[in-house]
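Peer 1: Model the following, please.
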Amino acid sequence: MKSAPALTWESISLKLINPFALSYGTTDTRQAFWIRLANDEGWGEGTIPPYYGVEPTAMIDCWRQAAEQTASLPETIEAIPAWIPKGPAPARCALELALLDRIGKRAGQPLYQLLNLPRPPVLATCFTISIDTPQAMAKMAKQIADYPNIKLKLGSDDDRSRVAAVREARPDARMVVDANAGWQFDEAIENLRWLETLNIELIEQPLAKDQHAAMGEFHKRTSIPIVADESVQTPEDVEKL
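Peer 2: Here you go, the predicted model:
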């Protein structure tokens with residue numbers, strides 16, 4: 001009887017109930033991959049953020065290289081980095097997750113114990129409302145009354161009306177906004193005038209991804225916390241920020 005392959009992957013196309021509109025376009029699908037070690041010893045996920053510009057073929061090439069060396073899977077956490085082939089970050093991450101899952105199962109430990117970390121607390125996530133008319137975004141906010149945390153996608157015309165409409169619909173909600181690199185610096189500074197009146201808890205990626213210094217300057221202009229997303233794709237980006 002032929003044994004199962006030591007490493008397999010499966011492409012998953014996720015169909016969104018609501019199209020996802022951002023500052024740089026609208027999509028109604030997301031592509032992800034499951035990574036599986038033989039006998040369900042370990043599972044990983046490889047999801048491709050659109051702004052990374054990673055082709056699925058590059059992900060698969062990385063896993064094909066890994067499949068050729070599964071005769072000797074790493075048995076310790078320390079051995080994992082050297083075992084993983086070169087390739088896109090999401091592909092390497094998927095392999096790392098699967099290998100850590102395998103080691104954790106063999107040790108009978110959840111991942112946080114395996115990594116000698118504190119037990120992670122339960123945290124509430126945000127329900128994301130993508131760019132739409134102010135009326136549509138406010139309607140969605142009312143429909144998700146059970147969700148205390150809302151993230152609003154911004155980065156196009158009439159952002160002020162959008163945030164104001166949602167705030168009026170959900171005065172109880174904790175709200176953050178995400179411009180997905182859609183504002184120019186002067187525009188972002190102007191937006192602070194009304195953002196600071198609407199009880200916004202966080203502004204995510206207000207400026208273009210390569211404007212690290214400008215992100216810092218913007219941070220100086222407001223008491224609202226500024227968070228980077230598209231600007232953080234490499235360790236060097238972290239140092240620049």
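
Peer 1: Could you list the low-confidence segments of this structure?
Peer 2: 1-4, 51 (pLDDT under 70).

Peer 1: how far does the helix ranked longest in it sit from the chain's center?
Peer 2: The residue-count maximum for a helix in the chain (DSSP state H) belongs to helix 89-107. Put simply, helix 89-107 sits 18 Å off its chain's centre (C-alpha atoms, centre = their mean, to the nearest Å).

Peer 1: Residues contacting it, please?
Peer 2: Contacts with helix 89-107, where a contact means C-beta atoms under 8 Å, 6 or more residues apart in numbering, come from 7, 9, 33, 35-37, 41-49, 52, 54, 58-60, 62-63, 66, 73-77, 80, 83-86, 110-111, 113-115, 233. Any C-beta I mention is one placed from the backbone N, CA and C, and that applies to glycine too.

Peer 1: Need phi/psi at the residue nearest the centre of the chain.
Peer 2: What sits nearest the mean C-alpha location of the chain, by C-alpha atoms, centre = their mean, is P49, with 7.0 Å. Here is the backbone geometry of P49 (degrees, to the nearest 10): phi -60, psi 130.

Peer 1: Kindly report the same for G46.
Peer 2: Given degrees, to the nearest 10, the pair of backbone angles that G46 has is phi -120, psi 100.

Peer 1: likewise F185?
Peer 2: phi -60, psi -50.

Peer 1: circling back: in strands, which of the contacts of helix 89-107 appear?
Peer 2: Assigned to strands by DSSP state E, the following of the contacts of helix 89-107 qualify: L7, W9, F33, I35, R36, L37, W43, G44, E45, G46, T47.

Peer 1: Go ahead and confirm the fifth one touches W9.
Peer 2: Yes - taking C-beta atoms under 8 Å as the contact criterion, R36 and W9 are neighbours in contact, 7.2 Å apart.

Peer 1: Overlap in contacts, the two.
Peer 2: By C-beta under 8 Å, 6+ apart, no residue touches both R36 and W9.

Peer 1: Could you give the separation of the helix or strand harbouring M137 from the chain centroid?
Peer 2: Following DSSP states H and E, one finds M137 within helix 134-143. Averaging C-alpha positions (C-alpha atoms, centre = their mean) puts helix 134-143 23 Å from its chain's average.

Peer 1: what's it in contact with?
Peer 2: Helix 134-143 is contacted from outside by 18, 129, 131-132, 150, 152, 158, 161-162, 164-166, 168-170, 173, using C-beta under 8 Å, 6+ apart.

Peer 1: Nice, that's everything, thank you.
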